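1. Generate coordinates for the sequence data below:
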Amino acid sequence: MSMAISGTKDKSPASSPALIGSSGDSMRETFGVTLTQLAERYPNVVVLDADVAGGTGAHHFRKAYPERFYQFGISEQNMMSAAGGMASTGLIPVITVFAVFCLRAYEQARLSVAYCNRNVKIVASHPGLDVGPDGGSAQPLEDIAVFRAIPGMTVISPADPIEMELATEAILKFDGPVYMRTGRSPIRRVLADDYKFEIGKGRVLRDGLDVSIVACGVEVARALDAAEMLSKEGISARVVNISTIKPLDVELLVCCAKETGAVVTAEDHNIHGGLGSAVAEALIQNEPCPMEFIGVKDVFGESGEPDELAEKYGLTAPFIVEAVKKVIKRKEAVK
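-> Below is the predicted model:
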């Protein structure tokens, strides 16, 4: 299998691009602006909100298309059920919600949306430790696991604002239920302006021969940083962006496992049930190899700045570097 390497931005300090956006320089802001820009082309799109539009980016849509904006208040279960009903009439409901509050509507997402195969898009802001100061009770570290387990649910976690913009239109074109993470905090652009996004397809962002670092969401930037650090030590790391966690790009992952012989996964999520679990499930059946997992180690979070929490819970580039060195030793031990 030949792999095209998708471009990334130059990450040197002198040329790092400025953060974008306003209320967050974030993927939630990019989502809200992009959705509003696309609204005229997708007249069946309506937005459902649970009193958090100012925090999800949906306030842009509310201002531009008030007649297509539905405020449900703090009533996520009702909102999810209503979305299923609205979709049955041909509308494309886009639910905007904080990820932790979306969990209370799991039953309705399962029955009113996925079980009926309704064309509903669930777009969740404030995922993982990225929530930061709001604390452990507001930091959903299990949302990917929960929604990945629902039959027929597509699960997406874009890497940066460029991919978020592309993914926003892609989910509107896609016929079926989707759960997509955005993000609360500022995030740098790591993908090139000509980057191509396709649901169900991963992308190799940096080639390498010794190990494959497979990441999603905010961890993609950290994976690229780790690969640069490793290169200075003579270790060649391939970086793979798996923004669609379900359906998984098994073909690409098997190719990476065959060619590098070792895999490290990285995600802002519990190590149980998320990207790492999905990759392990795919490889154990097709191309078993040594693996290590970067993620939150089955604990709740706490209040703090996102970067501080990422350091404390082992999600930053130096931790990825150490995981790579560990997995390479394991690979060499079984040769």
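
2. could you pull out the helices for the stretch 1-150 of the chain?
-> 27-38, 53-56, 59-64, 76-87, 99-102, 106-108, 143-148 (DSSP state H, counting those that start in this stretch).

3. Let's have those helices in TSV, adding mean neighbour count and distance to residue 229.
-> Every C-beta, even on glycine, is put in place using the N, C-alpha and C of the backbone. Listed next are the helices of the stretch 1-150 of the chain as TSV, based on neighbours: other C-beta atoms under 10 Å; distance: least, C-beta to C-beta, whole Å:
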stretch	mean neighbour count	distance to residue 229
helix 27-38	24	25
helix 53-56	19	34
helix 59-64	18	38
helix 76-87	21	41
helix 99-102	24	30
helix 106-108	16	39
helix 143-148	24	26
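
4. What are the buried residues along stretch 195-213?
-> 195, 197, 199, 201-208, 210-213 (16 or more other C-beta atoms under 10 Å).

5. out of those, what pair is the most spread apart?
-> Greatest spatial distance among these (C-beta to C-beta): 199 and 210, at 29.8 Å.

6. So which residues make contact with stretch 41-53?
-> 35, 38-39, 56, 58-59, 61-62, 65, 68-76, 79, 82-83, 86, 90-98, 101, 125, 172 (C-beta atoms under 8 Å, 6 or more residues apart in numbering).

7. who touches the residue nearest to residue 183 when sequence neighbours are not counted in this structure?
-> Excluding the flanking residues, the one nearest residue 183 by C-beta to C-beta, 6 or more residues apart in numbering is residue 27, at 4.0 Å. Applying C-beta under 8 Å, 6+ apart to residue 27 gives the contacts 158, 160-161, 164, 182-183, 187.

8. Just the residues you listed: which are in strands?
-> The subset of the contacts of residue 27 located in strands under the criterion DSSP state E is empty.

9. Got the domain ranges for this protein?
-> Here the domain assignment for the chain is 27-181, 203-333, based on automatic domain parsing.

10. Who are the packing partners of the top helix by length along the chain?
-> If you go by DSSP state H, the chain has its longest helix at helix 317-333. Applying 3 or more C-beta pairs under 8 Å, 6 or more residues apart in numbering; DSSP states H and E, one finds that helix 317-333 contacts strand 211-215, helix 219-231, strand 263-270, strand 291-296.

11. now the angle from it to strand 291-296?
-> 160 degrees (axes from the mean of the first three to the mean of the last three C-alpha atoms, to 10 degrees).

12. Give me the pLDDT for residue 8.
-> The model reports residue 8 with a pLDDT of 56.

13. no wait, residue 3
-> At residue 3, pLDDT is 53.

14. which parts of the helix or strand in which residue 281 is found are buried?
-> Element membership for residue 281 (DSSP states H and E) is helix 275-286. By neighbour count on 16+ other C-beta under 10 Å, the buried set for helix 275-286 is 275-279, 282-283.

15. do stretch 214-225 as well
-> Quick answer for stretch 214-225 (16+ other C-beta under 10 Å): 214-225.

16. Compute the first-to-last residue distance for that stretch.
-> The straight-line separation of the ends of stretch 214-225 (C-alpha to C-alpha, to the nearest Å) is 13 Å.

17. residue contacts, residue 114?
-> With C-beta under 8 Å, 6+ apart, residue 114 has these contacts: 150-153, 177.

18. Now list the buried members of those residues.
-> Counted by 16+ other C-beta under 10 Å, the contacts of residue 114 give 150, 153, 177 as buried.

19. Quick check, central residue of the chain?
-> residue 157 (1.5 Å; C-alpha atoms, centre = their mean).

20. Contact partners for that residue?
-> Residue 157 neighbours (C-beta under 8 Å, 6+ apart): 127, 144, 180-181, 216-217, 243, 245, 267, 275.
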